[in-house]
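> Below are the sequence and a predicted model for it; my questions follow.
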Amino acid sequence: MNIILLGPPGAGKGTQARRLVDERNMVQLSTGDMLREARRKGTEMGKKAGVIMDRGDLVPDEVVIGIIGEVLEAGDAGGGYIFDGFPRTLAQADALGELLEKVGQTLDAVIEMRVDDEALVERITARATCKDCGEVYNDNTKPIPADGKCTNCGSTDIQRRPDDNEESLRTRLLAYYKETSPLIGYYYAKGDLQTIDGLASMDDVATSIASALR
Ligand code: AMP
């Protein structure tokens with residue numbers, strides 16, 4: 001089963017994707033994580049993407065389509081792909097359809113995680129992430145432990161993303177409404193869309209996703 005988690009930054013896509021990886025052996029394809037990894041490695045593409053990401057703008061379609069194409073062609077789908085943060089434009093959505101067809105796969109569901117803007121700003125500006133396992137912390141609801149060690153994997157490498165500040169977030173939200181939200185209509189028209197309340201507790205959101213996938 002291949003699915004897309006669709007939603008604005010801070011909707012909880014990454015958190016829910018990691019649960020699906022653990023519970024269903026699915027493969028998380030987060031273009032944001034892949035771009036951050038390219039940046040960390042210091043590749044030419046990573047450096048260029050990093051400047052764009054810090055501003056909160058979208059990286060060019062051909063870059064992310066290229067990254068996803070390589071992974072799909074390598075072909076280790078495990079229990080299915082979870083597309084997290086991809087596609088983000090109509091051109092990317094068209095390309096994803098073509099890429100999946102090329103490798104003999106289908107898209108089974110698109111889950112829109114709906115969260116209001118106020119909650120997003122609160123979540124993102126309070127967010128920190130474990131670099132080693134992806135565990136997400138929140139200053140208000142799940143603070144970083146006093147000893148600085150990740151509760152999931154014990155790593156001390158818990159960091160805030162450079163683009164998790166109010167100014168970049170504003171740009172990222174604008175990009176979401178302008179470029180990505182048209183995908184809601186696009187997938188609705190194809191009969192693939194399911195919308196869930198992303199503001200509920202983590203467990204309740206996971207339950208909604210599980211029933212949407214049934
Ligand atoms: P994310 O981790 O999904 O919030 O992505 C972080 C940043 O990476 C975004 O603000 C964009 O600059 C870039 N990015 C990630 N995925 C895409 C995509 N599918 N298309 C364009 N830019 C992307």
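Thanks, I have it.

> what's the spacing between the one helix or strand in the chain whose mean pLDDT sits lowest and its chain's center?
When each helix and strand of the chain is scored by mean pLDDT, DSSP states H and E, helix 117-125 comes last, with a mean of 89. Centroid separation for helix 117-125 versus its chain: 16 Å, with CA atoms, centre = their mean, to the nearest Å.

> for it, packing partners?
Judged by 3 or more CB pairs under 8 Å, 6 or more residues apart in numbering; DSSP states H and E, the packing partners of helix 117-125 are helix 166-175. Where you see a C-beta, it was placed from the backbone N, CA and C, and this is true even at glycine.

> could you check the angle helix 117-125 makes with the helix it packs on?
130 degrees (axes from the mean of the first three to the mean of the last three CA atoms, to 10 degrees).

> Now do the same contact list for the residue of the chain found nearest the ligand.
The minimum distance from the chain to the ligand, using CB to the nearest ligand atom, falls at residue 32 (2.0 Å). Listed by CB atoms under 8 Å, 6 or more residues apart in numbering, the contact set of residue 32 reads 14, 53, 84, 85.

> Of those residues, which count as buried by neighbour count?
Neighbour counting over the contacts of residue 32 (16 or more other CB atoms under 10 Å) leaves 14, 53, 84, 85 as the buried ones.

> Show me the residues you listed that map onto helices.
Using DSSP state H, the subset of the buried ones among the contacts of residue 32 located in helices is 14, 53.

> Let me have the buried ones among the contacts of residue 32 in CSV, extended by distance to the ligand and pLDDT.
As requested, the buried ones among the contacts of residue 32 are arranged in CSV below (distance: CB to the nearest ligand atom, whole Å; pLDDT from 0 to 100):
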residue, distance to the ligand, pLDDT
14, 7, 93
53, 4, 96
84, 7, 97
85, 3, 97
